Structures are given as C-alpha cells and as structure tokens.
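Chemist: Give me the fold of what follows.
(2 chains)
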2 protein chains.
Amino acid sequence: MTEAQGMNNMGMNQAVVIGVGMTKFGKHLERSSQELAKEALDAALADAGIECSRIEAAFVANAAAGSIWGQENIRGQVFLKGSGLEGIPIINVENACASASTAFQLAVQAVMGGQYETVLAIGVEKMFHPDKRRTFRAFQGAVDIEELVSVPGGGMKDNQSMFMDIYASEAQRHMDLYGTKVETFAQIAVKNSRHGSLNPYAQYRTPQTLETVLQSRMISEPVTLLMCSPLSDGAAAAIISTERTARQLGKKPVFVSASVILSGDPQAIEQGISNTERATKKAYHQAGVTPEDLDLVELHDACAPGELWAYEHLGLCPPGEGAKLVESGATALGGTIPVNPSGGLISRGHPIGATGLAQIAEVVWQLRGEAGQRQVAGEPRVGLTHNGGGYLYGDTAVVSVHILTR
Amino acid sequence: MTEAQGMNNMGMNQAVVIGVGMTKFGKHLERSSQELAKEALDAALADAGIECSRIEAAFVANAAAGSIWGQENIRGQVFLKGSGLEGIPIINVENACASASTAFQLAVQAVMGGQYETVLAIGVEKMFHPDKRRTFRAFQGAVDIEELVSVPGGGMKDNQSMFMDIYASEAQRHMDLYGTKVETFAQIAVKNSRHGSLNPYAQYRTPQTLETVLQSRMISEPVTLLMCSPLSDGAAAAIISTERTARQLGKKPVFVSASVILSGDPQAIEQGISNTERATKKAYHQAGVTPEDLDLVELHDACAPGELWAYEHLGLCPPGEGAKLVESGATALGGTIPVNPSGGLISRGHPIGATGLAQIAEVVWQLRGEAGQRQVAGEPRVGLTHNGGGYLYGDTAVVSVHILTR
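Modeler: Got it, this is the predicted structure:
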C-alpha cells in the first residue's frame, strides 16, 4: 500500500479541516433532510469563513434514506437542493455506520491529491419516520442479507436488537474472561451521559447515575437501554482544504494526519486481529504517533460494552484492562485520555450516516479549544476518531480511523 | 475548479486503465451478485495480468440492491466476499445510472493523487427479482422522492415508465421543432441492435429492422419497446494504475485524459444549457480535444431519442441536426464517428450500477483494437463515454463524461 507513504510525499498537499458544523442531534420529524443538511453546511461555511461558491465538490454520506424514505438514489443531489451547491460534482457514499468517515476520507484524499482545493464532506440521516416499521428497516442492510435470511430463525425484522445481541455476547465474553462487571459498562454510560449533558449538540442532556442505567430496560443481557445509542436524526459537515487556504483565511489549521478505512479481513479475524486493531495500527503509523500521544478520542460507542472493547483494540490499554481504565477515571473529562467528550453515540446520538463527521467536528472543536464546558483540559494537540459500520465475518465490516493534529 | 489544471500538473500521476472485464449482460436470476462481481473482477485481473493482491482499494458502484434486495449497506463488502479482495478499503458509491462512472472517477483520482498505485472500480447490479414488484422499485429513487409523492397523480409505482415519459416528451419536442421523424429514432435502435448482435457481452443479439422496432409495443408515444434499454443483470470492472505499472506489465496504456462528473445546475438549465453540455465541455477542455478528434463514443441511450439528443449535446453535430447525422450513417460502425459500437444500453443492456464501467470496458477494447467483429475501423485513438443518472430540475441529475486515449 502506498497510502501511508503518500501522506508524507513532498508532492502531496496536507489536508486541513477549515470548518465544521452540525445540527443538534435528536428527533427532527418536522424537518426535511434538506433543512438538516443546510444547517450543518451553513454552520461549517460560517466556521470556515467562506462562501458556498468556494466548495468545488461534495462527498455526501447517508446510510438509510433508501430503506426509510425511498430515496435510494442521488441522495446528495436531493439533500443539497437549494443549498447553493447545485452544479458541482456530488459523490454519494455509503459504508453503513461508517459512511460519514468514508465521505470525509474521500474529501481528504481529493485535496491531498490536488483534484480540488476546497471540498465538503457531509453526513445526513433522518431515522425517525412516522411509520416506525420504516425506522426499523434502517438496520436491515448492514449485514450480508443473503446470509441473514438463510439462518434458521434469522430474519429482517429488527436488526437493531440483532446488533445489540452481538454487543451483549461480546460483553458476556469479556465478563467471563476478565471478571468485568456490569457496573463497569454502566459506568461508561454514566460518563458519556455526563459528557453529553455539557454538549449543546447532544440528543440527551440528562446525566444518568449507575442506578438509572442499571435499572433501565434490559435490551440484551447485560446491555440495558441507557447503555445503547438511540435512534437519531441529524447532519454534520466538514470543509477540507489545504494549509495554504487555511492560513489565508486566518484559521488555526487542524491537520488530517491519518485517514484509514479498512474492510474486514476474514483471515486476520480468524487470527484474533480485529478490523479495529488493523485500522488503528495503520493510522498510528501514518500519523507517526502512539496511543500515548493521544489527547482525546471520539470512538464508536454504539453501546457501552463496545466502548470498553474499543479501549483495548485502539491500544488505550492492554487487552483485558478496559475495566481498570474505566474505573481509574482516565477516560472521563478531567482524566488522562478523555474518551467521547461529546457524549459519544450514546448521548450525542447516532444518526448513522452523520456520526463519523460529528466525531470529526468534536475533535476539531477540542483541538481549537472551542468545546465550551466539555473542553478537554491541557490544550489537546492530537485527537483520534474511530467509526465502525456493518457486520461481516464476526467483526465490524468497515472501520475508519482518523487522527487530527494541530 | 482546479480539477482541469490538476490533470496536467507535473506532480500528478497519469491514470491508466490496465485491465477491464465484464459479464455478459442479461437475466441472471440464478447467479448471485458475488458471482457476477467475481466474474467481472477475475476477467479484469486476467486482462491486466496481475494478481488480486495488487489491488489496494475498491470503489464499488450499485444503484438498486437496497430497494430490490434489501442490501442497503456495505454492498461492496458483501459483493466482494470470497473474491480475494477482503480487508482492503472498500468505498460504496452511488449516483443512480451514473454510479459506475462515479466509481471509475474516484478510482482514477485515487491513482492520480498518489493515494494508491493500483485500484479497482466495479459496478454490480441484479435488477431481475422473482418478485417483479421489487424490480420496479429500482426506478423509484432516482428523482426527488418528496417532490414525486407531492405531485397530484404522482406516485412511486413504476418510475421506469416515468423516465420513458420524460424521454418521449423530449422526442416529441424534437419532432415539433426540427421535423424529426419517428423512423429516425427507430433507425438508432436498429443500428444499436446490429452493433449488439456483434457483441458477445450484449443482452440482445438479434438485429432488428425498422419494421420490428416501429411495430413493437408503444411505451410512450413515440417511444416503442425496442427503442428502450431493458432490465438487466451484470457486472463490469476496470483496474486503474499508473503508466509506470502499465509499462512494467507490458500493457498498451489506455490513458484517462478527462474525468468529469457534474450534478445539475438549475441556473444553467434555465438558460438552456444541459448538464450533458456542461460536463462535456469540461471534459473536452481537460483532454485538450474537440468533438472532431473523437474516434468513437459510448453514450447513454436509455432510449433511442436519448441518443439523438446526446449527439447534439455532446457536440457531435449542431443542435437540430441529430436526425441528419443518423441518416448519414455517420454513427454506425463503418461511419465517421461510430456511436455505441457495443450495442449501447438498448442492446448491450443496462444493469444500472454497472453500465458506466461497461462503457469504459468497450472503449478500452476498441482503443486496443480488441473489439472483434464490432471493432471500429482505422485504429481509433480517442474514445468518449457519456453516462447520465437521475432526474432533477428537468434534466439529468448527474452526468459523467470520460475521455480515454492511447
């Protein structure tokens, strides 16, 4: 692979995030995808301090508008109607819950490669539908459908709970192997709810307690409702350009120091190497950093045990020591390596095709010192995003890891 | 826009197509998307003379597996299961009937930008479903769904005929304005059926006559069934690399001299400038050629009047003179500018997410002199592909134009 070398080639532009923006995540039944997209876009443009006319191409992420809304095709062209961006190249990308990170990577690579000077990556998702059956369809397509329907008792009715079953069985395994307690998972949910309570963009802003988390409805033993990410609507955007443009605009540049997307490799998985481990290792190599260099992490906590699992697979702690890391308080705001200062998927919300760009927006705000009440202390310089999607070969089908630095 | 300049920057790689492959297009009810993908991929690898392990990333196009098959997400990861390409970055892209051209452009740009040395673009589509209602859904999402359902009498039942209604009204307009005759449209269908009869990959290989075309079922006055592209299953692939790699492999390089994708611009459309005209002009500029330099064209003949319309919008003849061009025989094999030597969408078939790459494959074969009985005479050097998708603002929502040269 030449990707890693490419990042350091003299001939390549360094990609810089010059603006980010997002809507509040939540239930936006009364707002169209166009309205959500325009709000995130306009916020990113205002943040960058540029006019719409500077955007030369748009990479648009969405994962469920086909199944929920019937908008199977030209989603970006439809979402961006009336935005001022009509007429440019619009590329529609999908990678399940990692769709927005995929759009971000394409935008980054287009600037690095010199195809464009300034481009947009935007993720838009409306998961709530007046007909709830349509909302449930959102989770149907993130596995191999043919395999699913061929499994006895398998079906396509409600794959959200299927995903939670997968997380629950991983959680059980961790408990069996390492003596991890359900309270530890609950503690992660409590932490993220506290972080979310400080984030005006978060869907849920009520701090939870160990009791409320543990006593909430059991979804799949040991995973309770308040350990899970919710259904969400929302949009998030980033504008990517060159360092030259960032300096002209007088913006503090936030550099994209690593940009990795990998699909699951069944051979590696069989050897016990997760897709997250492979992608993260590659990202550390590209950026020339180690886990010790990270000042904050936004990771894919589709549910609380998934966050604990990710600590170990991102190398934030050795295998089996995720619980110790949580209990030490290291991953809470004020700790040594704050994780999901935004509230994460659990509290900020998880509009699937927008999540990856909400992670990017959070890290950009944190690196600039603009994260308000949830600001990570000590002027963070290096932030990592981890975004996963789909399920194949017994592992996350797609993992994207980005490292941003200032 | 820096795209055009970028193509000519000294620092950029020239993108080269080193291998192409496709399945026969047709009705493949008994074959899975994986099988179709693998056949096209393996053919492209064999054509390039490389192993699977050389492919560093895959850009996968599909437009209808969500609505038809329920495979809404991670389509590429599912289609490429068992192909040998697991574990690499897989990017799922969609742009309605221009999806495969979009995947091709991303692959080209990734090589030009130096992100990768060798990448795959592949389009896969299975439109036939045992439940025909599912097949009809394939056309639902290529317009603004919200607009469609708000139109009195509008609906989401069968948008294929809706698209044919649009083409029919364009055809009527051309007849009214320029005195074009229905026989001229039929003549285009006859030409493409004759070309298709010479193409082993074509879905339909029976040469038609003016009588059979005119007497086939009326779809939407003046468009008859045999003037329309059919439902199709199939896959098509291209492997893109650098000139250096092409030479090492001892392949005649086929260069990507222009790569354009544009979305519809309502202001330009209002001024009477079509999306096809804008995209084509930009492509000619990138490649430094004029319509007179073209030796062959593969264009988006979703139906016969669409081909005539495209002649004029691609600049193959002045406005209003499309009929004269057809009647002169210029666009038939043996003419001065053969159009759709493959048989086009009408005869080769139109598996929507694969079509753009079938066009690329045809032009590559033609430029290499490997097109067998349908070979364009005179050692062609410059070929153009024109691929359109979706419908917005009263025009094609996405247009992609590529110019390949040797």
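
Chemist: Next up, the contacts around A:Asp295.
Modeler: Listed by C-beta atoms under 8 Å, 6 or more residues apart in numbering or on different chains, the contact set of A:Asp295 reads A:Ile337, A:Pro338, A:Gln366, A:Val376, A:Gly378, A:Pro380, A:Arg381, A:Val382, A:Gly383. (Glycine included, C-beta is placed from N, CA and C.)

Chemist: Can you list which of the residues you listed are found in strands?
Modeler: A:Val382, A:Gly383 (DSSP state E).

Chemist: contacting residues for A:Thr224?
Modeler: A:Thr224 neighbours (C-beta under 8 Å, 6+ apart): A:Ala186, A:Val213, A:Leu214, A:Gln215, A:Ser216, A:Arg217, A:Met218.

Chemist: secondary structure element for the first one?
Modeler: Just to be clear, that refers to A:Ala186. Assessed by DSSP states H and E, A:Ala186 sits inside helix A:182-197.

Chemist: Same question for the next helix-or-strand element following that helix: list its buried residues.
Modeler: Using DSSP H and E, the helix or strand that follows helix A:182-197 in sequence is helix A:210-215. Neighbour-count burial for helix A:210-215 flags A:Thr212, A:Val213, A:Leu214 (criterion: 16 or more other C-beta atoms under 10 Å in any protein chain shown).

Chemist: what about A:Thr331, how many neighbours?
Modeler: 27 (other C-beta atoms under 10 Å in any protein chain shown).

Chemist: again, but for A:Gly49
Modeler: Counted with other C-beta under 10 Å, the neighbours of A:Gly49 add up to 13.

Chemist: State the pair within the contacts of A:Thr224 that is farthest apart.
Modeler: By the measure C-beta to C-beta, A:Ala186 and A:Arg217 form the most distant pair in these, at 13.5 Å.

Chemist: Of those two, give the one with the bigger neighbour count.
Modeler: Comparing A:Ala186 with A:Arg217 by other C-beta under 10 Å, the one with more neighbours is A:Ala186, at 25 against 8.

Chemist: Please enumerate the strands of chain A.
Modeler: With DSSP E as the criterion, chain A has strands spanning A:15-22, A:58-61, A:90-94, A:119-126, A:218-220, A:223-224, A:233-242, A:254-263, A:296-298, A:382-392, A:395-405.

Chemist: Tell me the strands beside the fifth one, with direction?
Modeler: By that I understand strand A:218-220. strand A:223-224 (antiparallel) (DSSP bridges).

Chemist: Quick one: distance of the strand it pairs with to the chain centre.
Modeler: 21 Å (C-alpha atoms, centre = their mean, to the nearest Å).

Chemist: For the stretch 151-300 of chain A, which residues are neighbours of chain B?
Modeler: Residues of the stretch 151-300 of chain A lying close to chain B by C-beta under 8 Å from any C-beta of the partner chain are A:Met156, A:Val260, A:Ile261, A:Leu262, A:Ser263, A:Gly264, A:Asp265, A:Pro266, A:Gln267, A:Ala268, A:Arg278.

Chemist: Pick the one among these closest to chain B.
Modeler: Nearest to chain B among these: A:Asp265, at 2.9 Å, using C-beta to the nearest C-beta.

Chemist: give me the number of residues near the closest residue to A:Gly306 other than its chain neighbours?
Modeler: Nearest residue to A:Gly306 in three dimensions, chain neighbours excluded: A:Tyr167, at 5.4 Å (C-beta to C-beta, 6 or more residues apart in numbering or on different chains). Neighbours of A:Tyr167 under the rule other C-beta under 10 Å: 22.

Chemist: Can you give me every residue that contacts A:Tyr167?
Modeler: A:Tyr167 makes contact with A:Ser220, A:Val223, A:Ala302, A:Cys303, A:Pro305, A:Gly306, according to C-beta under 8 Å, 6+ apart.

Chemist: With A:Pro305 instead?
Modeler: So A:Pro305 contacts A:Tyr167, A:Ala168, A:Glu170, A:Ala171, A:His174, A:Phe185, A:Ile188, A:Pro222, A:Val223, A:Met227 (C-beta under 8 Å, 6+ apart).

Chemist: per-residue confidence at the residue nearest to A:Gly306?
Modeler: At A:Tyr167, the pLDDT value in this model is 89.

Chemist: what does A:Val339 give?
Modeler: 98.

Chemist: How about A:Ala302?
Modeler: For A:Ala302, the predicted pLDDT is 95.

Chemist: That one and A:Ser232 touch, don't they?
Modeler: No. Checked against C-beta atoms under 8 Å, the pair A:Ala302 and A:Ser232 is beyond contact range at 11.8 Å.

Chemist: about what we covered before: let me know which of the strands of chain A is tucked in deepest.
Modeler: Neighbour counts (mean count of other C-beta atoms under 10 Å in any protein chain shown) averaged over each of these peak at strand A:119-126, with a mean of 32.

Chemist: Please convert the residues of the stretch 151-300 of chain A next to chain B to CSV, extending it with pLDDT and distance to B:Ile360.
Modeler: As requested, these are arranged in CSV below (pLDDT from 0 to 100; distance: C-beta to C-beta, whole Å):
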residue, pLDDT, distance to B:Ile360
A:Met156, 41, 35
A:Val260, 98, 28
A:Ile261, 98, 24
A:Leu262, 98, 27
A:Ser263, 97, 24
A:Gly264, 95, 29
A:Asp265, 96, 28
A:Pro266, 96, 30
A:Gln267, 96, 31
A:Ala268, 96, 32
A:Arg278, 98, 31
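
Chemist: so which of those comes closest to B:Ala58?
Modeler: A:Ser263 (8.4 Å).

Chemist: thinking again about what came up before, top of the contacts of A:Pro305 by neighbour count?
Modeler: Result: A:Met227 is most packed of those (other C-beta under 10 Å), 33 neighbours.

Chemist: so who does the closest residue to that one other than its chain neighbours touch?
Modeler: Nearest non-adjacent residue to A:Met227, counting by C-beta to C-beta, 6+ apart: A:Ala304, 3.9 Å away. A:Ala304 makes contact with A:Phe185, A:Ala186, A:Ile188, A:Ala189, A:Asn192, A:Val223, A:Met227, A:Cys228, A:Ile346, according to C-beta under 8 Å, 6+ apart.

Chemist: for A:Met22, same thing?
Modeler: Counting by C-beta under 8 Å, 6+ apart, A:Met22 makes contact with A:Ala40, A:Ala43, A:Tyr201, A:Gly234, A:Ala235, A:Ala236, A:Ala237, A:Ala354, A:Leu357, A:Ala358, A:Ala361.

Chemist: Let's see that with 7 Å instead.
Modeler: A:Ala40, A:Ala43, A:Tyr201, A:Gly234, A:Ala235, A:Ala236, A:Ala237, A:Ala358, A:Ala361 (C-beta atoms under 7 Å, 6 or more residues apart in numbering or on different chains).

Chemist: ditto for A:Ala332
Modeler: Contacts of A:Ala332 by C-beta under 7 Å, 6+ apart are A:Lys191, A:Pro338.

Chemist: Backbone torsions only: list them for it.
Modeler: When read as degrees, to the nearest 10, the backbone of A:Ala332 gives phi -90, psi 160.
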